[in-house]
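Novice: Predicted structure and sequence below. I'll ask about it afterward.
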Amino acid sequence: MENITSVSSLKEAIYLLEADKTYKWNQVRDLGSYALESIRPANILQSTVKGIATSPRLLDNILNTAVGLATGFISKRLFIGSSGSLIRKLLGSVVQLGITAAATQNSNFIQSFGRFALQRIFFKHGLNTENRGG
């Protein structure tokens, strides 16, 4: 800043400093408001839900987990059957855990196999008539 030699220069410098102070104070106030708004629990929850919902692999992750859990549950039911034995139930839980982990890791194969099996079961008649006619 240059040396002030007149009253008018002093008034102008004071005016500029006050304007700068007001501008900076408004910036600090706006930043504080933004910070307070961003840490409100409702806004944190909303941003988290948006982040999850816009995840490109959300549906795949849900489907993979569902396939793994269903496969593990079915395998446990098949393994235990109607037996009430404690050892058999314990082994069934171990089998369920192992099959759930394997099915979750290989869920794409299980999904493909399931689609193929459903097509063969429900559309078997349609496939046979196409083969006979062509």
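Specialist: Cool, got the structure. Numbering: from 1, shown residues only.

Novice: Could I get the pLDDT score of the residue nearest to N43 when sequence neighbours are not counted?
Specialist: Nearest residue to N43, sequence neighbours excluded (CB to CB, 6 or more residues apart in numbering): E37, at 6.3 Å. C-betas here are computed from N, CA, C, even on glycine. We have a pLDDT of 85 for E37.

Novice: Okay, E37 and F113: tell me how far apart.
Specialist: Distance of E37 to F113, computed by CB to CB, to the nearest Å: 50 Å.

Novice: Phi, psi for N108 please.
Specialist: phi -60, psi -40 (degrees, to the nearest 10).

Novice: so what's it up against?
Specialist: N64 (CB atoms under 8 Å, 6 or more residues apart in numbering).

Novice: how much space between it and F122?
Specialist: 21 Å.

Novice: do the same with L91
Specialist: L91 is 35 Å from F122, by CB to CB.

Novice: What of R115?
Specialist: Taking CB to CB, one finds R115 at 11 Å from F122.

Novice: Next: D60.
Specialist: 24 Å.

Novice: neighbour count winner among these two?
Specialist: The neighbour count for D60 versus F122, taken as other CB atoms under 10 Å, is higher for D60 (13 against 9).

Novice: tell me which element that one falls in.
Specialist: helix 58-80 (DSSP states H and E).

Novice: Give me the angle between the helix or strand just after that helix and helix 58-80.
Specialist: Counting by DSSP H and E, the element after helix 58-80 in chain order, helix or strand, is helix 86-105. Helix 86-105 runs at 150 degrees relative to helix 58-80, counting by axes from the mean of the first three to the mean of the last three CA atoms, to 10 degrees.

Novice: Name the residues of helix 86-105 that are buried.
Specialist: 92, 95-96, 99-100, 103-104 (16 or more other CB atoms under 10 Å).
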